[in-house]
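K.L.:
mind looking at a prediction? Sequence and model below.
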Amino acid sequence: MASRTRVLVRLAVTAFTIALLTATWATTALPTRASGQTATVVVVGSVVIGGPDDTISASGYAGHVGTSWRRGTGGSWQSLSIDGPQATGLAVGSWDVAWTPDTTHGSLAITGTTCLGGHVTILEAPVLDAGGDVLSFAAEWSGCTSGSGAVRIGSAVPLAAVRDSGAAFGAQDSGTTEQGTVTFHNAGNVALAVNAVTLSADPSNAGLEDFSMPGTTCVGTLDPGMTCSVDVAFRPTAKGLRSARVTLDTVPAAAGAVATVTGTGTFALASNDSIGNAAEVGSLPYEYYGDVQAATTDRLDPVCDGGFRRTVWFHYHATTSGPVAIETSESVNQDTVIGVYSGSAPDDLALVVCHDNMSASDLTSLARFPAAQGTDYWIVVAEGQQGRVWELTLTAVVGAPDTTVDVSGWAVSPTTFYPYPDGFRDTTRTTAVPGEPVDVSIEVVSVASPAVVLRRSTVGRREAAYGWTWDGKNDAGTRVLGGSYLVRHRYVDVFGNTSSHDVPVTVSSKRLYFTTTSKTLYGYKTYDRGAWGSKASTRVSGTSLILKSGSGHANAMYRFSLVTATVYKSVRFEVLGKSANGRKVDMWTWNAANGDWDAFRRIGPGYAWWKAPTADGWAHVVGGKAYGQVEAFNTAGSSTWIIYKVRLTYTYGVLK
């Protein structure tokens, strides 16, 4: 199938040569070109001819026009030539294609590839524009043994095309700025009205936020052959290749009006390894980018909230009072701890605020504090316990006015508890989640007398989820009476804002009373039983059950229905039986909590009440029922076991 591609050739010729170009191309032969003339080749479409680094020349003779070019100064020469019958020129029509021109055939070669064995169709007869320097020509060829395609040299119709210089900034330290310029050249034959110049993301790479456009001369109208420029600034915020696109939006829309700008972000080696070399935070907002791989540990460095090992330092002298926020959120996948201190370095420092992790999954840090005018603050960023810090990005900004305390997520479990030391809901725990560092204190009051504080406790500075446990006692250590109470959480944040939140709980006057009892079943009263393997069997004999493992194994399961209770404290499975052939068997208790058998014991061979280990009632009783099992295996021979009775001894509690 034939295809079409547009190419524009602008020929720079002397006045003498232009004077020769007066005939109509459709009816006369192509003019003669002297070798060595230069030309600019512009590509519109997929055929690439020429470029910023190309050397281009044009040459011709009667019945022939062509250009040749090479990439750079050392590349091989390529050529584009179009030939037609000398007598008629290249008129609209079709010819078979031959290697060399003659009076009846034409040939076309592009990028060194000659179209052989096919045919060429002239779509648009050669025409010169009014200025005499734009050659218009359009052709399509197909059936070539060595390639096919289409080419347009110039255009007899309006052609909007732009070439751009792009901009490559190379390596640039993050946090520093480099200026560059993108130049757009109107390589078409129509004027372009510039609507806008836009900066957008490069779909193939990140980095849009690292580029800006301080200014541009691309306004108004861009006439053919004219250029305009766009100033581009590169300030990398991350390491590695960064890129974006600059687009010239015109009417008519011009092909090729998109330039790619690139740069590589690097991190300078940190020099603020000690408090004596602290980086100065001159004014806010402040940004810092540093390669801290070589930072060292100083055992005298003050650290907080798990910060340890390597540290870097910053110094901020507050010229005004107000909230300040310092964060490392842009240090992706880095585990940091921020500590802010006031006072005189290095021996008289007082902790102002400390922050470790934003969340369980985000190990970066955010420290907020109220700066006081005239105060010196020393900021240390330490490596956290969960990962090595390689590349640090730190920002310090004027924080938003803070008038509220950020705490949420209050919860309590259990809501009703029984403050007796019997292991059943003896305490209650209230929890909350601060969204900022806060000092937490607790007060317990009764709903009936909320002004009377029964219990006080200081939790301390918290900036992540915390909890407080109450045992139902007052400050004197006496158990309070049953009733409704409020656990009041009081907060003070680093800006001096205060708040409180009441969590209701109920203290029950009831307590658990425990009883130990047992339930006995005859051996044949199984819940389930089975045998697997040659000569394996289970057989009832009177009120007993006989297990034979044969070559495999046999088992019997027993279910015990227990007394209804508030809690089951413990269970113990017991078996009255003996071996009929001197071999041992296994006994188990079902653990409903993990869905498996445990409390195992190997028993026998004598006649006795064999007892399994005592097991927790909460895990081994489900729906008021417990289960035990006896299993005979063929280990060193067939086992035969007689089960006379089974028993479950258990301790349960009832609230009264």
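P.N.:
Everything's here; your move.
K.L.:
quick one: the strands in the stretch 151-300 of the chain?
P.N.:
162-164, 167-173, 178-186, 192-201, 211-216, 221-222, 227-234, 240-251, 258-266, 279-280, 286-291 (DSSP state E, counting those that start in this stretch).
K.L.:
can I get these in CSV with distance to residue 524?
P.N.:
Any C-beta I mention is one placed from the backbone N, CA and C, and that applies to glycine too. Shown next, in CSV, are the strands of the stretch 151-300 of the chain (distance: least, C-beta to C-beta, whole Å):
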stretch, distance to residue 524
strand 162-164, 95
strand 167-173, 86
strand 178-186, 92
strand 192-201, 79
strand 211-216, 86
strand 221-222, 103
strand 227-234, 88
strand 240-251, 77
strand 258-266, 81
strand 279-280, 84
strand 286-291, 79
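K.L.:
tell me the most buried of those strands?
P.N.:
strand 162-164 (a mean of 22; mean count of other C-beta atoms under 10 Å).
K.L.:
mind checking which of the strands of the stretch 151-300 of the chain is nearest residue 637?
P.N.:
Of all the strands of the stretch 151-300 of the chain, strand 240-251 sits nearest to residue 637, with 70.8 Å by C-beta to C-beta.
K.L.:
in three-state terms, label the residue lying closest to residue 527 once chain neighbours are set aside for me.
P.N.:
Using C-beta to C-beta, 6 or more residues apart in numbering and skipping residues adjacent in sequence, the residue nearest residue 527 is residue 559, 3.8 Å away. Secondary structure, DSSP: H, G, I helix; E, B strand; the rest coil: residue 559 is strand.
K.L.:
swap in the one 10 residues further on?
P.N.:
With three-state DSSP as the basis, the three-state label of residue 569 is strand.
K.L.:
wait, what's in contact with it?
P.N.:
Applying C-beta atoms under 8 Å, 6 or more residues apart in numbering, we find residue 569 in contact with 423, 514, 616-617, 650-653.
K.L.:
just flag the most distant two among those.
P.N.:
Greatest spatial distance in the contacts of residue 569: 423 and 650, 15.2 Å, computed using C-beta to C-beta.
K.L.:
so these two - more neighbours on which side?
P.N.:
More crowded of residue 423 and residue 650, by other C-beta atoms under 10 Å: residue 650, with 25 against 12.
K.L.:
quick check, the more buried one in a strand?
P.N.:
Yes. With three-state DSSP as the criterion, residue 650 is located in a strand.
K.L.:
still on that earlier bit, partners of the residue nearest to residue 527 in the sheet?
P.N.:
residue 627 (DSSP bridges).
K.L.:
and it, how far from residue 516?
P.N.:
20 Å (C-beta to C-beta, to the nearest Å).
K.L.:
what does residue 648 give?
P.N.:
For residue 648 relative to residue 516 (C-beta to C-beta), the value is 11 Å.
K.L.:
these two: who's more crowded?
P.N.:
Neighbours were counted for residue 648 and for residue 516 using other C-beta under 10 Å; residue 648 has more, 26 against 11.
K.L.:
could you pull up the residues touching that one?
P.N.:
Each residue near residue 648 by C-beta under 8 Å, 6+ apart is listed here: 518-519, 560, 562, 571-574, 626, 628.
K.L.:
nearest to residue 340, of those residues?
P.N.:
Using C-beta to C-beta, these come closest to residue 340 at residue 571, 56.1 Å.
K.L.:
pLDDT wise, what is that closest one at?
P.N.:
Note on residue 571: pLDDT of 96.
K.L.:
run through the protein and note the low-pLDDT ranges.
P.N.:
For the chain, the stretches with pLDDT under 70 are 1-166, 187-189, 255-256, 299-300, 303, 305-308, 332, 387-388.
K.L.:
looking at it, which residue lies furthest from center?
P.N.:
residue 542 (70.2 Å; C-alpha atoms, centre = their mean).
K.L.:
how near is that residue to residue 643?
P.N.:
Using C-beta to C-beta, residue 542 is found at 12 Å from residue 643.
K.L.:
residue 434 now?
P.N.:
In this view, residue 434 and residue 643 are 60 Å apart by C-beta to C-beta.
K.L.:
of the two, which one has the most company?
P.N.:
residue 643 (28 against 21).
K.L.:
adjacent strands (with direction) for whatever helix or strand that one lives in?
P.N.:
Assigned by DSSP states H and E, residue 643 belongs to strand 640-655. With DSSP bridges as the test, strand 640-655 is paired with strand 512-522 (antiparallel), strand 544-548 (antiparallel), strand 567-579 (antiparallel).
K.L.:
by contact count, what packs against the next helix or strand after the longest one?
P.N.:
Downstream of strand 567-579, the first helix or strand assigned by DSSP H and E is strand 585-591. Identification of packing neighbours for strand 585-591 by 3 or more C-beta pairs under 8 Å, 6 or more residues apart in numbering; DSSP states H and E yields strand 567-579, strand 596-603, helix 617-620, strand 625-633.
K.L.:
nearest spatial neighbour of residue 369, skipping sequence neighbours?
P.N.:
Leaving out its chain neighbours, the residue that sits closest to residue 369 by C-beta to C-beta, 6+ apart is residue 353, at 4.5 Å.
K.L.:
can you pull the contacts of the one you found?
P.N.:
339-340, 367-369, 437, 494.
K.L.:
repeat that for 7 Å
P.N.:
340, 367-369, 437, 494 (C-beta atoms under 7 Å, 6 or more residues apart in numbering).
K.L.:
same deal with residue 295?
P.N.:
So residue 295 contacts 270, 273, 310-312 (C-beta under 7 Å, 6+ apart).
K.L.:
that one and residue 328: what is the separation?
P.N.:
Remark: distance between residue 295 and residue 328 (C-beta to C-beta) = 14 Å.
K.L.:
equivalent analysis for residue 427, please.
P.N.:
Separation of residue 427 from residue 328 (C-beta to C-beta) stands at 38 Å.
K.L.:
which of those two has more neighbours?
P.N.:
Between residue 427 and residue 328, residue 328 has the larger neighbour count (other C-beta under 10 Å), namely 25 against 13.
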